[in-house]
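Chemist: My questions concern the predicted model and sequence given below.
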Amino acid sequence: MDSVARRLSAVGAGAALELRGVTRMFGALAALTDVTITVRPGERRAVLGSNGAGKTTLFNCIAGDFPPSSGTIRFFGEDVTHFPPYERIRRGLRRTYQISALFPGLTVQDNVYLACRGVSRGRFSFLRPGQNDALMHAADNLVQAVHLSAVRDQRVAELAHGQQRQLEIALALAGAPRFVLFDEPAAGLSPTERAELIEILTSLPAHIGYIIIEHDMDVALRVVESVTMMHNGRVFKEGLPQEIQSDPEVQELYLGGGHE
Amino acid sequence: MSLAHDARVSVRPVSVAQRPARTWPEINNPAAWIVAVILLIMPLIASGFFLIEIFATTLILGTMALSLMFLAGYGGMVSLMQLTIAGFSAYMVAVLGVSSNANISLGWPWWLAVPMALALATAFGTLGGALAVRTEGIYTIMITLAIGAAFYYFTNQNWAIFNGHTGINTVATPHFWGVNWRADIPFYYIVLAVAALCYFAVEYLSRAPFGLALQGVRDNPRRMAALGFNVNAHRVAAYAFASFVAALAGVLQVWNYRQISPGSVSVGACIDVLIIAVVGGITRPIGPFIGALIFVLLRTFALDFLVRLGLDGNRFRCLIGLGFLAIVFWSSDGVIGLWQRWRQRRGADRFSGGRSHG
């Protein structure tokens, strides 16, 4: 925990992400009810919960894919509740998708290049990038960092599932991310690929916080320092990983059942 | 190793040498050079009829269809109003410039009328695009078709500007430096230059950030927003660019026929542009020109052919329709796709696994 404390003190006070009373209705159905969550800068947190607990809806509200029905969302102090997604992304928020959301008609390199271009100037540039284009190099480095150099010039439609999941993460790390939302990044990965994923997550720079939705407790609890447990669209419990794991109510609800 | 940190700060030259040069694929393609040379020396081999009625007309229609190919192939937006934008630009050249309808035409010189027509038509197309980008798929088709139909009926009924169903006739064409630029050979070269410019601009843009982002919008608009792109602004900008290309073709068209009337902007003509683009292939910029050549050849010669078979010559549309059906059934990426697959098969036979360049 010592390293965590050092890391958190390094990025200063104030919340990275602050949700107050966030509610999201789909017709008469409340997918989220009065969710209040505060995440400090650099903090790494898991969101657990069964299917339908509202985890992905929570991500969609934070990232702006659709706005909350009521409540406020602050990102590093700024009220972003009514911002379109791209304005949030330009402020350092990133997300990945549970089902890979890539550009199948483009190459791996072009996918990552677009991610780098999206958070910098010149999105409308009519000029092709030259050999020494800084964003091209940034894209090259990202491709290499997620071990996809061998398939850099292949179209994404031709990639294996595990490679697409890695690319999914690369897209979320372009530019200068301050906070990332990982939506089940380990879904469908082999044990080796899971180990690589854990290595990627734990080696992120200290100032980058994230929330990760993950059903695999082995992955989730190794890469976070706090846990939010959701149930039926509400925050059910918050605490340290070991507290949540040993909590009888949580075990009853989530960890128990199927295991025994 | 820290991922995001590397991505942002380090600019080590990572394996730059291995990257295939992002240049023109055509440069290494002998067929492209042969086509370019033939197009350049065309006036030496073709008569005036072929030069204008076949090749210049093909290039003008191809440029209009190219603007649709840019929107549909790269942006995933099927716009049926590309011909309407070209027609608007053609009307503006006639209205602002010189024609035999002196009560309507303002009599501006061509070098004033043409830039103004291009600007107005681009603005018109961008506005239409701004309406259309709020919709997706079939609704984009419906909205742009509605704009095309509305413009057609408006030109039919408006006499103050568009001169109703008779349209505007004997539109003046540029004469300067002692050259009549509407004479067959100079006009062919003007058309060739504009078409080539548009072709290379689209080809170049497809690898520039603007074009890549447009392809990203086509593949996954939601993810593009989650990467920091304003998706609708990108779509509207694509409409603006495509409108400018279509407007250029419209200027050439009114110079070609020296008149413009509602018949040239009918709904049927709007759909012809879609057919040309789809038959040629909307995955690459060369497709629309191939589609236009097929269309013009059929339109010109199917008549004689059908009459010889004892059928009504006006049934050439039937042939085009059958061709369209065949293409949609068997090759969704048009004639270009057929050609590519044929080459790939041949290439694979010869050097097992050799890949086509593009």
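Modeler: It's in.

Chemist: So, low pLDDT: which residues of chain A?
Modeler: A:1-13, A:254-260 (pLDDT under 70).

Chemist: which residue does it bring closest to chain B?
Modeler: A:G118 (3.4 Å; CB to the nearest CB). All C-beta spots, glycine's among them, are computed from the backbone N, C-alpha and C.

Chemist: What segments of the stretch 151-300 of chain B are strands?
Modeler: Here the stretch 151-300 of chain B has its strands, by DSSP state E, counting those that start in this stretch, at B:175-176, B:179-180.

Chemist: in chain A, which spans are strands?
Modeler: A:17-26, A:29-39, A:44-48, A:70-75, A:78-79, A:93-95, A:179-183, A:209-213, A:226-231, A:234-239 (DSSP state E).

Chemist: Determine which stretch of those is the most buried.
Modeler: Ranked by mean neighbour count, the strands of chain A are led by strand A:93-95 with a mean of 27 (mean count of other CB atoms under 10 Å in any protein chain shown).

Chemist: who touches the residue nearest to the spatial centre of chain A in this structure?
Modeler: The centroid of chain A falls nearest to A:L181 when counting by CA atoms, centre = their mean (1.8 Å). Counting by CB atoms under 8 Å, 6 or more residues apart in numbering or on different chains, A:L181 touches A:F59, A:I62, A:A63, A:L93, A:R94, A:R95, A:T96, A:Y210, A:I211.

Chemist: okay, the strands of the stretch 151-300 of chain B in a markdown table with mean pLDDT, mean neighbour count and distance to B:A226 next?
Modeler: Shown next, in a markdown table, are these (pLDDT from 0 to 100; neighbours: other CB atoms under 10 Å in any protein chain shown; distance: least, CB to CB, whole Å):
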| stretch | mean pLDDT | mean neighbour count | distance to B:A226 |
| --- | --- | --- | --- |
| strand B:175-176 | 80 | 11 | 53 |
| strand B:179-180 | 76 | 12 | 55 |
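
Chemist: Throw these into JSON lines and include distance to chain A, thanks.
Modeler: JSON lines is the format used below for the strands of the stretch 151-300 of chain B (distance: least, CB to the nearest CB, whole Å):
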{"stretch": "strand B:175-176", "distance to chain A": "30"}
{"stretch": "strand B:179-180", "distance to chain A": "32"}
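
Chemist: For those strands, please prepare CSV with the additional fields distance to B:E136.
Modeler: CSV is the format used below for the strands of the stretch 151-300 of chain B (distance: least, CB to CB, whole Å):
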stretch, distance to B:E136
strand B:175-176, 46
strand B:179-180, 48
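
Chemist: Out of these, flag the one nearest B:F316.
Modeler: strand B:179-180 (32.1 Å; CB to CB).

Chemist: So which residues make contact with that closest one?
Modeler: B:T173, B:P186.

Chemist: which residues does the residue nearest the centre of chain B contact?
Modeler: Closest to where the C-alpha atoms of chain B average out (CA atoms, centre = their mean) is B:L66, at 2.4 Å. Residues in contact with B:L66 (CB under 8 Å, 6+ apart) are B:A195, B:C198, B:Y199, B:V202, B:V245, B:A277, B:P285, B:P288, B:F289.

Chemist: Please enumerate the helices of the stretch 151-300 of chain B.
Modeler: B:184-205, B:209-219, B:221-225, B:231-257, B:267-280, B:286-308 (DSSP state H, counting those that start in this stretch).

Chemist: Take those and write them to JSON lines, including mean pLDDT, distance to chain A and mean neighbour count.
Modeler: Formatted as JSON lines, these follow (pLDDT from 0 to 100; distance: least, CB to the nearest CB, whole Å; neighbours: other CB atoms under 10 Å in any protein chain shown):
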{"stretch": "helix B:184-205", "mean pLDDT": "91", "distance to chain A": "6", "mean neighbour count": "18"}
{"stretch": "helix B:209-219", "mean pLDDT": "92", "distance to chain A": "4", "mean neighbour count": "24"}
{"stretch": "helix B:221-225", "mean pLDDT": "91", "distance to chain A": "4", "mean neighbour count": "21"}
{"stretch": "helix B:231-257", "mean pLDDT": "94", "distance to chain A": "6", "mean neighbour count": "24"}
{"stretch": "helix B:267-280", "mean pLDDT": "90", "distance to chain A": "18", "mean neighbour count": "23"}
{"stretch": "helix B:286-308", "mean pLDDT": "85", "distance to chain A": "16", "mean neighbour count": "19"}
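
Chemist: between the ones you listed, which one is nearest to B:L71?
Modeler: So among these, helix B:231-257 is nearest, using CB to CB, at 4.9 Å.

Chemist: Point out the other helices and strands that that closest one packs with.
Modeler: Helix B:231-257 sits against helix B:57-69, helix B:82-96, helix B:110-132, helix B:184-205, helix B:209-219, helix B:221-225, with contacts defined as 3 or more CB pairs under 8 Å, 6 or more residues apart in numbering or on different chains; DSSP states H and E.

Chemist: now it, how far from the centre of its chain.
Modeler: 8 Å (CA atoms, centre = their mean, to the nearest Å).

Chemist: Burial check on residue 132, number of neighbours?
Modeler: Let's take chain A. 10 (other CB atoms under 10 Å in any protein chain shown).

Chemist: Let me rephrase: I mean chain B.
Modeler: So B:A132, with other CB under 10 Å, has 27 neighbours.

Chemist: So it is in contact with B:M142, correct?
Modeler: No: counting by CB atoms under 8 Å, B:A132 sits too far from B:M142 to count as a contact (9.3 Å).

Chemist: For the closest residue in space to A:G92 that isn't next to it in sequence, list the residues it contacts.
Modeler: Closest residue to A:G92 apart from its sequence neighbours, by CB to CB, 6 or more residues apart in numbering or on different chains: A:R178 at 3.3 Å. Taking CB under 8 Å, 6+ apart, we find A:R178 in contact with A:A16, A:P41, A:F76, A:R91, A:G92, A:L93, A:H207, A:I208, A:G209.

Chemist: Give me the neighbour count for the first one.
Modeler: Okay, so that is A:A16. 24.

Chemist: do the same with the fourth one
Modeler: A:R91 has 16 neighbours, counted by other CB under 10 Å.

Chemist: Same check on B:S266?
Modeler: If you count neighbours by other CB under 10 Å, B:S266 ends up with 21.

Chemist: Not counting its neighbours along the chain, what's nearest it?
Modeler: Nearest residue to B:S266, sequence neighbours excluded (CB to CB, 6+ apart): B:Y152, at 5.4 Å.

Chemist: Was I right to think the one you found contacts B:G268?
Modeler: No: B:Y152 is beyond contact range of B:G268, at 9.4 Å (criterion: CB under 8 Å).
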